[in-house]
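In: no sequence on hand, only this structure:
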Ligand code: FE
C-alpha cells in the first residue's frame, strides 16, 4: 500500500500523548510485579532502557510494545529495517504493564504492535480489545492454524516446548514419561517447579485440563505439590540451576532457557526429556504478535509480522533465540537438532487463554503456590 493510501486511512484527530502523561505511565510500568516478568526480567536486561523517545507515529516507523528480551529480538528487527527502510521503535517491558499502557492509551497509543510470549497473554490482550483482527494469506500459509487466533487478532511467531528436565547422575530417561507421572510418590522430595503465578504453568495446566479433565488434572497438581523438594521458583533458569546444584532431580521448564544455559555452559549437568511422547505430545506454546487496536499503521505493521513469519526470520529465531520455528520445514540450529525430534501436543493454543481462569483456580485449590 502506498504512503498516501495509508495516510487516507488515518484518523486525522489522532493526538500524541502529552509527555507528562506518558512519563507517568512509564513510572507506573516500573512498578511491575516480578511474577509477571517475561524474558526481559529473567534475562536481567534493563527493562526501561528502550522506552525513551518511543513516540514513532509516522508510517515509516513501527512502534512495538515488546516483552521479549531486546538482545534477542533486535537483530531480527534491524534486518527488517535494512531490507525495507522502515524504522522500528522498541518499547520493552513485561506483558502486564504493557497491556495496562495499551488500555490507558486507547486510540492515542503510539504502539502499532504487541510482541509477547505465551498464547495465554495474547488471548488476554485480544479479550481486552487491545488488538485488531487482520486477514493475511501470508500468515495463513506460514503459521499453522493451531498457532493463530481463529479471529485473526494474533499469531504465533516461534515455538517453545515446556518439558521435563532431569539430573542424569540420579535419574535415567527411562524413569521419565509424562507431566502426570511427576505426581507419582516416587518423586517425593525430588521435584522442582516454577511458581503457578507464571502464565507458562497456567497454560500447561490448561492443556492438561483439556486433555484429562478437571478432576484428574487437580489430582496431578496436588501430587506435584506433595513431591516438591523446595519452595517454587520465580523463574525457569533458577529452577534449572537447582537441578544442576543437586537440590532436586526433576523439573519442568521452557526449552530455550536450557538452550541459552548450554550456550554459556556447554557442560551444564542437566538433561532434557520430551514429555508425553506416548500420549498427547510435549506441551508447546508460542511467542507471537498482534496489531494494536489503536495503531496508526496497521498495514505496515502486518507487513512486519508477515516478515517475522518468513523463512529468513524463522531461521533467526532458531539460531539466536533457541526457539523452534513456527513455520514448518525451516532448518533448526545444530543445538535444537541435538535434542532429537519430538511429538508436539496438537492442541490449539487459544485453549490456553480460554481455560486460563479455570487453570489458575485449580492450581490455587490444589495448593500450588
Ligand atoms: Fe520465558
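Out: That came in fine, so what should we check first? Treat the numbers as computed from the prediction; the structure is a model and nothing was measured. Numbering: from 1, shown residues only.
In: show the end-to-end separation of stretch 334-343, please.
Out: With CA to CA, to the nearest Å as the measure, stretch 334-343 spans 18 Å from end to end.
In: just the buried positions in that stretch, please.
Out: Along stretch 334-343, the positions that meet the burial threshold by neighbour count (16 or more other CB atoms under 10 Å) are 335-336, 339, 342. Any C-beta I mention is one placed from the backbone N, CA and C, and that applies to glycine too.
In: for stretch 187-207, same thing?
Out: Residues of stretch 187-207 classed as buried by neighbour count (16+ other CB under 10 Å): 187, 190-207.
In: now do stretch 96-105
Out: Using 16+ other CB under 10 Å as the burial criterion, the residues of stretch 96-105 that qualify are 96-102, 105.
In: same question for the lengthiest strand in the chain, mean pLDDT?
Out: Ranked by residue count under DSSP state E, the longest strand found in the chain is strand 155-166. Here strand 155-166 scores 98 as its mean pLDDT.
In: could you list every helix and strand in contact with the very next helix or strand once past that strand?
Out: From strand 155-166 onward toward the C-terminus, using DSSP states H and E, the following helix or strand is strand 191-192. Using 3 or more CB pairs under 8 Å, 6 or more residues apart in numbering; DSSP states H and E as the contact criterion, the neighbours of strand 191-192 among helices and strands are helix 236-244, strand 250-254.
In: average pLDDT across the first one?
Out: Read that as helix 236-244. Here the mean pLDDT over helix 236-244 is 98, rounded to a whole number.
In: show me what contacts residue 75?
Out: Neighbouring residues of residue 75 by CB atoms under 8 Å, 6 or more residues apart in numbering: 316, 320.
In: now with 6 Å, please.
Out: Contacts for residue 75 were tallied using CB atoms under 6 Å, 6 or more residues apart in numbering; they are residue 320.
In: just the angle between the host helix or strand of it and strand 155-166, please?
Out: For residue 75, the enclosing helix or strand under DSSP H and E is helix 70-84. Regarding helix 70-84 and strand 155-166, their directions subtend 150 degrees when assessed with axes from the mean of the first three to the mean of the last three CA atoms, to 10 degrees.
In: list the buried ones in helix 70-84?
Out: Buried-residue list, helix 70-84, by 16+ other CB under 10 Å: 70, 72-74, 76-77, 80.
In: nearest to residue 258 among these?
Out: Residue 258 has its nearest neighbour among those in residue 72, at 15.1 Å by CB to CB.
In: ok, the closest one touching residue 321?
Out: Yes. With contacts counted by CB atoms under 6 Å, residue 72 reaches residue 321, the gap being 5.0 Å.
In: low-confidence bits of the chain, can you list those?
Out: In the predicted model, the chain carries pLDDT under 70 at residues 1-59.
In: closest to the centroid, which residue in it?
Out: Centroid-nearest residue in the chain: residue 117, 1.9 Å away (criterion: CA atoms, centre = their mean).
In: tell me what it is bridged to.
Out: For residue 117, the residues forming beta bridges with it (DSSP bridges) are residue 287.
In: just checking, it touches residue 289?
Out: No. Assessed by CB under 6 Å, residue 117 is found out of contact with residue 289, at 10.4 Å.
In: count the residues that sit near residue 60.
Out: The local packing count at residue 60 equals 14, with neighbours defined by other CB atoms under 10 Å.
In: ok, the nearest residue to it once chain neighbours are set aside to residue 255 distance?
Out: Excluding its sequence neighbours, the residue lying closest to residue 60 (CB to CB, 6 or more residues apart in numbering) is residue 86, at 5.7 Å. If you measure residue 86 against residue 255 using CB to CB, to the nearest Å, the figure is 31 Å.
In: of these two, which one has the most company?
Out: For the pair residue 86 and residue 255, the greater number of neighbours falls to residue 255 (24 against 19), based on other CB under 10 Å.
In: can you tell me the element residue 300 falls in?
Out: Applying DSSP H and E as the criterion places residue 300 in helix 298-308.
In: name the helices or strands packed onto that helix?
Out: strand 61-66, strand 283-292 (3 or more CB pairs under 6 Å, 6 or more residues apart in numbering; DSSP states H and E).
In: would you list these in CSV and tack on mean neighbour count?
Out: Rendered in CSV, the data for the helices and strands packed on helix 298-308 read as follows (neighbours: other CB atoms under 10 Å):
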stretch, mean neighbour count
strand 61-66, 26
strand 283-292, 27
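In: TSV for these, including distance to residue 141?
Out: Written out in TSV, the entries for the helices and strands packed on helix 298-308 read as follows (distance: least, CB to CB, whole Å):
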stretch	distance to residue 141
strand 61-66	22
strand 283-292	16
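In: of those, which is nearest residue 317?
Out: Shortest distance between residue 317 and these, using CB to CB, is found for strand 283-292: 8.3 Å.
In: got the contact list for the closest one?
Out: Contacts to strand 283-292, defined as CB under 6 Å, 6+ apart, come from residues 111-115, 117-119, 122, 131-132, 134, 147, 153-162, 203-204, 207, 298, 301-302, 305, 344-345, 349.
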